[in-house]
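>>> All I have is the shape, not the residue letters:
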């Protein structure tokens, strides 16, 4: 089994609410003024006898990230890992697209060391600021021997969730990213990571993709099924020469006949079409 060789953690800052400050501590809204997590990290480092490197990579609202950004983030994380000086990596990021980035990273990064995504639902100086506690917990996970080989993890409010299952739900309220408890593999209790179960799906050790061979992502669109949907969205995708279409349909993936006909046309023109359910959960053939 892989043994961690140091107590050195790399933290990659990608912006988000954890880096923002609010003037009114009871307000839900705040300006996008930037404040590094450096002061928080210095305190936590001394308290936990952990050496920490803070690496500022992006200052962006997570839902503004592009596909190019996504690839660059993965390359940056892999480059940190390839230095062989860190026992774990933490990524702080906005919660809106955290689950997207964390899952993508879990598919393309190769390493046994822990990679933990976290952030904050409330900004600094808010009455409910949660960023410091989330960061503290992420440090305990990233520095834990128990977290080795578990792939990419997400941690909020003492919960530890596999990146594959992480979902920001319910929106508008603080969430642990475990929708109805799905994906919880452990907890942080009393400053210690408690592992309760292990992910069974391929992760940063077992996956078949490698970011070092990835320079760009093909252009893919999602067609979301709804009452009254027309085939114009599929036709627009075809006319714009996309590489792939994901059809998120009703129930087991059904779309109206006109949409299905256009999806068939897309396949005939060499566009890859993947059928799935809009529900986000469940299994079907």
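Everything's here; your move. What you see is a predicted model, and the numbers here were worked out from it, not measured in a lab.
>>> what ranges do the strands span in the stretch 101-250 of the chain?
115-118, 152-156, 159-162, 184-189, 192-195, 220-224, 244-249 (DSSP state E, counting those that start in this stretch).
>>> mean confidence for the fourth one?
Per-residue pLDDT values across strand 184-189 average out to 97.
>>> my read: residue 126 touches residue 20, true?
No - Residue 126 is not in contact with residue 20 according to Cβ atoms under 8 Å; the separation is 9.3 Å. C-beta here means a position set from N, CA and C on the backbone, and glycine is covered the same way.
>>> Please tabulate the strands of the stretch 101-250 of the chain in CSV and include mean neighbour count and distance to residue 202 as additional columns.
Output for these, formatted as CSV (neighbours: other Cβ atoms under 10 Å; distance: least, Cβ to Cβ, whole Å):
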stretch, mean neighbour count, distance to residue 202
strand 115-118, 30, 15
strand 152-156, 29, 12
strand 159-162, 26, 12
strand 184-189, 18, 15
strand 192-195, 17, 19
strand 220-224, 16, 20
strand 244-249, 20, 20
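>>> closest to residue 73 out of those?
strand 115-118 (10.8 Å; Cβ to Cβ).
>>> list the helices and strands that closest one packs on?
Under the contact criterion of 3 or more Cβ pairs under 8 Å, 6 or more residues apart in numbering; DSSP states H and E, strand 115-118 touches strand 88-92, helix 98-108, helix 131-142, strand 152-156.
>>> Of the ones you listed, which stretch is the most buried?
Neighbour counts (mean count of other Cβ atoms under 10 Å) averaged over each of these peak at strand 152-156, with a mean of 29.
>>> What lies in contact with that one?
98-99, 102-103, 105-106, 109, 114-119, 121, 130, 134, 137-138, 141, 147, 160-163, 166, 174-177, 185, 188, 203-204 (Cβ atoms under 8 Å, 6 or more residues apart in numbering).
>>> Using the record's assignment, carve this protein into domains.
8-195, 218-277 (automatic domain parsing).
>>> of all these, which lies closest to residue 210?
domain 8-195 (6.2 Å).
>>> Give me the distance between the two termini of that closest one.
21 Å (Cα to Cα, to the nearest Å).
>>> centre of the chain versus it, how much separation?
9 Å (Cα atoms, centre = their mean, to the nearest Å).
>>> Per-residue pLDDT of the spatially most central residue of the chain, please?
By Cα atoms, centre = their mean, the chain has its centre lying nearest to residue 102, at 2.4 Å. Predicted confidence (pLDDT) for residue 102: 98.
>>> where's it relative to residue 45, distance?
According to Cβ to Cβ, to the nearest Å, residue 102 stands 24 Å off from residue 45.
>>> again, but for residue 135
Distance from residue 135 to residue 45, by Cβ to Cβ: 11 Å.
>>> Likewise for residue 147?
Distance of residue 147 to residue 45, computed by Cβ to Cβ: 18 Å.
>>> Look at these two and report which has more neighbours.
Neighbours were counted for residue 147 and for residue 45 using other Cβ atoms under 10 Å; residue 147 has more, 25 against 16.
>>> Which residue, other than its chain neighbours, is closest to that one?
residue 114 (3.8 Å; Cβ to Cβ, 6 or more residues apart in numbering).
>>> residue contacts, that neighbour?
Per Cβ under 8 Å, 6+ apart, neighbours of residue 114: 87, 88, 89, 141, 142, 144, 147, 148, 150, 153.
>>> redo that, cut-off 6 Å
88, 141, 142, 147 (Cβ atoms under 6 Å, 6 or more residues apart in numbering).
>>> and which of those is nearest to residue 192?
Nearest to residue 192, judged by Cβ to Cβ, of the contacts of residue 114 is residue 141 at 9.7 Å.
>>> pLDDT score assigned to the closest one?
97.
>>> is it true that it touches residue 116?
Yes - under the criterion of Cβ atoms under 6 Å, residue 141 makes contact with residue 116 at 5.0 Å.
>>> average model confidence for stretch 78-95?
Mean per-residue pLDDT for stretch 78-95: 95.
>>> Quote the end-to-end distance of it.
22 Å.
>>> Same question for stretch 275-284.
Rule used - Cα to Cα; the end-to-end distance of stretch 275-284 is 11 Å.
>>> Tell me, please, where in the stretch 51-200 of the chain the pLDDT is lower than the cut-off.
By pLDDT under 70, the stretch 51-200 of the chain has no low-scoring segment.
>>> repeat that for 90
Residue ranges of the stretch 51-200 of the chain with pLDDT under 90: 56-61, 125, 169-176, 179-182, 199-200.
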